[in-house]
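A.B. asks: model the following, please.
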Amino acid sequence: LPPATVAAYQYIGEEPERQVNLVIDKFVRDNDLIHVKPDLRHYGFNAPCPKDETGYHGYEMWVTVLEEMDVPAPLIKKYFKGRLYAAYMIPFGAFEEWDRLSKWVQKSSIYEYRGDWKEENMFGWIEEHLNYVNHVMLENTEPEGLQLDLLIPIQEKNQ
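C.D. replies: Numbers count the residues shown, from 1 in each chain. Reported below is the predicted structural model:
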């Protein structure tokens, strides 16, 4: 994945994926980001959450932006380093496939895991929403027909 400047939003509470989608999608539409940055990419991951009795989890979402672009609160601007990732495309909801991708990385004779178990974004694991442009512009909030790339950071062995 290429390095990129991103607008990020994180939410912890009920339906965090839905909540971050609403904020990110509005930002993209309000800033005509589809035309300003036609190569935009859309990423998401489970976010760290303090352990408490609520049972809530967090989710963070990123959309790539121009480096010089102003990012208004509650979003924040971050820099994504990019690099090499193992990718596995799934239909939305097939999250059990994370295990398949993880096992592939573990068994690879060429690649090894490059993540950090301390990284806040699922140990470096991220999801890329494919065809996000149609989703946001058509306001298709139904997950039916959506595809994701599951992404695990890797590097060649002996590096």
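A.B. asks: other SSEs contacting the longest helix along the chain?
C.D. replies: Looking across the chain with DSSP state H, the single longest helix is helix 16-30. Applying 3 or more C-beta pairs under 8 Å, 6 or more residues apart in numbering; DSSP states H and E, one finds that helix 16-30 contacts strand 4-13, strand 42-47, strand 57-65, helix 132-138. C-beta here means a position set from N, CA and C on the backbone, and glycine is covered the same way.
A.B. asks: how far does the following helix or strand past it sit from its chain's centre?
C.D. replies: Where DSSP states H and E defines the elements, the next helix or strand beyond helix 16-30 is helix 33-36. Centre-to-centre, helix 33-36 and its host chain are 19 Å apart (C-alpha atoms, centre = their mean, to the nearest Å).
A.B. asks: who does the lowest-mean-pLDDT helix or strand in the chain touch, helix- and strand-wise?
C.D. replies: Here the helix or strand of the chain ranked lowest by mean pLDDT, DSSP states H and E is helix 132-138, holding a mean of 79. Judged by 3+ C-beta pairs under 8 Å, 6+ apart, the packing partners of helix 132-138 are helix 16-30, helix 33-36.
A.B. asks: residues making contact with the longest one?
C.D. replies: The set of residues external to helix 16-30 that reach it, using C-beta atoms under 8 Å, 6 or more residues apart in numbering, is 7, 9-11, 13, 33-34, 40, 42, 44, 47, 56-61, 63, 71-72, 74-75, 136-137, 139, 141.
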